[in-house]
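**Student:** have a look at this prediction, sequence included:
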Amino acid sequence: MAKHGKKYTAALAKVDIDKIYSAKEAVALAKETSITKFDSTIEVHMRTTLDSRQSDQQLRDVVVLPHGLGKKVRVLVFAQADGAAAARAGGADFVADDDESLKKIEGGMLDFDVAIATPDAMGKVGRLGRVLGPRGLMPNPKAGTVVTAQDMERAIKEAKAGRVEYRLDKSNNIHVSIGKASFDADKLYENYVALMDAINKSRPSGAKGNIMKRITVASTMGPGVKVDPNEHFAGEG
């Protein structure tokens, strides 16, 4: 078993590992127990009752967090002609509108956080699936990252403001960042509530009862704080 440093041990001493905290308490405690020299990310880890193998239990959507993520979000847009012009006008950091830029990305140029594409560019983007897919960067209509030229400015603005994608992984878990440890505790809590409200609204049709088994909030490398999974999730269905 790995030994933890003094900072982690001191942080862990502030957390009652047997206690289920309210979301407001848990988020404030995750902030307080951040131990890194850099500005830690506050993360929410959810274990669900869903089965990702069932088509009526899929969960994937996006939420715009009211206070953003506390970092500069670099946006790359795959587009052609009008879409590329709209992307540049809308403030995209990179625009991939030719074969040369596609080859760079295929070769590992991944200096961006969000990828958006117009529908007519998806044919070419498809060949980058093995590079973009594993990193969660593949544009997807469900995630709001495949848009028309007319919607491009809004999509870029939302991505930069703190639009976050959440999705059920193969282990039936969801992992989402809600901000930085430097955020005011109330702002972190408001981001948490916005995320939970969004997950409730995108509840799959095949879900039964409370879809959350366990929720934990933690800072990067900090101790996990258990959150009451019944606070924001009712046993519907």
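**Tutor:** Okay, I see it. Just so we're clear, the structure is a prediction, and the values are computed from it rather than from any experiment.

**Student:** wait, is residue 131 part of a strand?
**Tutor:** No: assignment of residue 131 by DSSP: H, G, I helix; E, B strand; the rest coil gives helix, placing it outside any strand.

**Student:** for it, which non-adjacent residue is spatially closest?
**Tutor:** residue 106 (6.0 Å; C-beta to C-beta, 6 or more residues apart in numbering). The C-beta positions use only the backbone N, C-alpha and C, and glycine is treated the same way.

**Student:** and the one you found, how many residues sit next to it?
**Tutor:** The number of residues packed near residue 106 is 14, by other C-beta atoms under 10 Å.

**Student:** where's it relative to residue 63, distance?
**Tutor:** Residue 106 sits at a distance of 30 Å from residue 63 (criterion: C-beta to C-beta, to the nearest Å).

**Student:** cool, residue 142 as well?
**Tutor:** Distance from residue 142 to residue 63, by C-beta to C-beta: 13 Å.

**Student:** looking at the two, which is more packed in?
**Tutor:** Legend: neighbour count by other C-beta under 10 Å for residue 142 and residue 63, higher for residue 63 (21 against 13).

**Student:** quick one, what contacts residue 55?
**Tutor:** By C-beta atoms under 8 Å, 6 or more residues apart in numbering, the residues touching residue 55 are residue 206.

**Student:** and with 7 Å instead?
**Tutor:** Counting by C-beta atoms under 7 Å, 6 or more residues apart in numbering, residue 55 touches no other residue.

**Student:** model confidence score at the residue lying closest to residue 166 once chain neighbours are set aside, please.
**Tutor:** Computed as C-beta to C-beta, 6+ apart, the closest residue to residue 166 that is not its neighbour in sequence is residue 176, at 4.8 Å. As predicted, residue 176 sits at a pLDDT of 95.

**Student:** and the strand or helix carrying residue 176, what does it pack against?
**Tutor:** Using DSSP states H and E, residue 176 falls within strand 173-180. Packing partners of strand 173-180 (3 or more C-beta pairs under 7 Å, 6 or more residues apart in numbering; DSSP states H and E): strand 41-48, strand 163-167, helix 185-201.

**Student:** pipe those into CSV and attach mean neighbour count per row.
**Tutor:** What follows is the helices and strands packed on strand 173-180, written out as CSV (neighbours: other C-beta atoms under 10 Å):
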stretch, mean neighbour count
strand 41-48, 21
strand 163-167, 20
helix 185-201, 19
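
**Student:** distance to residue 17 and mean pLDDT added to these, as TSV?
**Tutor:** Shown next, in TSV, are those (distance: least, C-beta to C-beta, whole Å; pLDDT from 0 to 100):
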stretch	distance to residue 17	mean pLDDT
strand 41-48	15	96
strand 163-167	26	87
helix 185-201	20	95
